[in-house]
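Asks: Mind folding the following:
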Amino acid sequence: TFIKYFIDLFPCWYTADTQACQKVKSSLHEMARYLTELSTCASDFSFMFKPSVIGYAAVLAAIDALERDPSLKLSFPPHHIVVKFIQDTYFETSLEPRREDVDIARRMLMDICPNVFPSDDVFLDKGSKSNGQRNDLHKQSAVGNTTANENLRGASPTEVLAF
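Replies: So this is what the prediction gives:
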């Protein structure tokens, strides 16, 4: 599956907890898989996005969610590891977090799972569009508008690229 492929691109890092990398990769895989399963309940996903975009958006959303999970606080990878993952994924697939279709899919995944991504989340609210404006973006994407919109959201750790 695309999720497994993307998770395989996630680099390991050295830490005192020798199992930290595998724990995080496993958690990312489970969360992303759950989000993609939820996406099957919304027909917009299958009509608007390629499966690879949905898979990548789910992994990015899982990274956002797990970075704020207090139970993983000590074992979550350093920021430069997440940046390396984004760079490696871009090199392999040309997918990146700022791409409009990826960002819209990630937002839609976050919208269908409000318990994991509360509406008062600073990453979602900072510079984000209102639901009405997001729906307009969804419609634009569905008819093939692929122009980048730099104001789609505020900077989250998964959007920091060091190319």
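Asks: Reduced to three states, what does Pro114 come out as?
Replies: The three-state assignment at Pro114 reads coil, by DSSP: H, G, I helix; E, B strand; the rest coil.
Asks: and Tyr56, how many neighbours does it have?
Replies: 28 (other Cβ atoms under 10 Å). For glycine as for every other residue, the C-beta is placed from the backbone atoms N, C-alpha and C.
Asks: which residues are in contact with the longest helix along the chain?
Replies: Secondary structure of the chain per DSSP state H: the longest helix is helix 20-39. Helix 20-39 has contacts (Cβ atoms under 8 Å, 6 or more residues apart in numbering) with 3-4, 6-7, 10, 12-13, 15, 17, 45, 54-55, 58-59, 61-63, 65-66, 69, 72, 75-77, 108-109, 112-113, 116.
Asks: and stretch 47-57, which residues are buried?
Replies: Met48, Phe49, Ser52, Val53, Ile54, Gly55, Tyr56, Ala57 (16 or more other Cβ atoms under 10 Å).
Asks: Hmm, Ala61 is touching Arg106, no?
Replies: Yes. Here Ala61 reaches Arg106: they are 5.1 Å apart, a contact under Cβ atoms under 8 Å.
Asks: which one of the two has more residues nearby?
Replies: A side-by-side neighbour count of Ala61 and Arg106, using other Cβ under 10 Å, places Arg106 first with 29 against 24.
Asks: Identify the residue spatially nearest to that one, adjacent ones excluded.
Replies: In this structure, Arg106 finds its nearest non-sequential neighbour in Ala57, 4.0 Å apart by Cβ to Cβ, 6 or more residues apart in numbering.
Asks: so where's this protein shaky on pLDDT?
Replies: 72-75, 119-163 (pLDDT under 70).
Asks: quick one: the helices in it?
Replies: 2-8, 20-39, 43-48, 51-67, 79-93, 100-111, 122-125, 131-142.
Asks: List the residues that contact Ile57.
Replies: Careful, residue 57 is Ala; it's not Ile. Counted by Cβ under 8 Å, 6+ apart, Ala57 has contacts Phe49, Val102, Asp103, Ala105, Arg106, Met108, Leu109.
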